[in-house]
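**Student:** sequence and predicted structure are below.
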Amino acid sequence: MKKTELTETKTISAEELIKKVTLLKGELADLILEKQMGKLKNKKSVFKKRKDLSQIMTILRQKQLLSELELNNVNDKSTNKKEGGKQIEVVADDLAESVKKKSKVRAKSVQNK
């Protein structure tokens, strides 16, 4: 997907992105079937479709997370009247702690193997 297409895709609504994802999944399934039957001439087309699909799914996930974050911010503002900076610091600290815990668990699992 070209950069211009990618920037255009970012402006599309979530419903249209979901339709595009289902369409790309169908096209990808067809390409894989053609590849297995030996009819596919361009082998890189499967890779390109997978890449396009993952880019669109990433954009869709970003939109979902952004809407959840905006919803949480609206709820926090209505219930809590704390300073915004302190809330961000608390969230950042919690996030950093969870990342540290996950990295320790991964390191232990790698050492056990």
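**Tutor:** Arrived safely.

**Student:** so which strand or helix has T9?
**Tutor:** helix 3-10 (DSSP states H and E).

**Student:** alpha carbons of that helix, as PDB, please.
**Tutor:** Written as PDB, here are the backbone C-alpha positions of helix 3-10 (Å, rounded to 0.1, in the frame of the first residue of the first chain):
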ATOM      1  CA  LYS A   3       1.800   6.200   1.500                       C
ATOM      2  CA  THR A   4      -1.000   8.200  -0.100                       C
ATOM      3  CA  GLU A   5      -3.400   5.200   0.100                       C
ATOM      4  CA  LEU A   6      -2.300   4.700   3.700                       C
ATOM      5  CA  THR A   7      -3.100   8.300   4.700                       C
ATOM      6  CA  GLU A   8      -6.400   8.100   2.900                       C
ATOM      7  CA  THR A   9      -7.200   4.900   4.800                       C
ATOM      8  CA  LYS A  10      -6.600   6.600   8.100                       C
END
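
**Student:** ok, and what's touching that helix?
**Tutor:** The contact list for helix 3-10 (C-beta atoms under 8 Å, 6 or more residues apart in numbering) reads 1, 17, 20, 55-56, 59. From N, CA and C alone the C-beta is placed, and that goes for glycine too.

**Student:** between these, which is closest to K44?
**Tutor:** Closest approach between those and K44, by C-beta to C-beta: M1, at 13.7 Å.

**Student:** if we can go back for a sec, next, the buried residues of the helix holding T9.
**Tutor:** For helix 3-10, the neighbour count (16 or more other C-beta atoms under 10 Å) marks T9 as buried.

**Student:** does anything pack onto the helix or strand just after it? Which helices or strands?
**Tutor:** Downstream of helix 3-10, the next assigned helix or strand under DSSP H and E is helix 14-37. Judged by 3 or more C-beta pairs under 8 Å, 6 or more residues apart in numbering; DSSP states H and E, helix 14-37 is in contact with helix 44-79.
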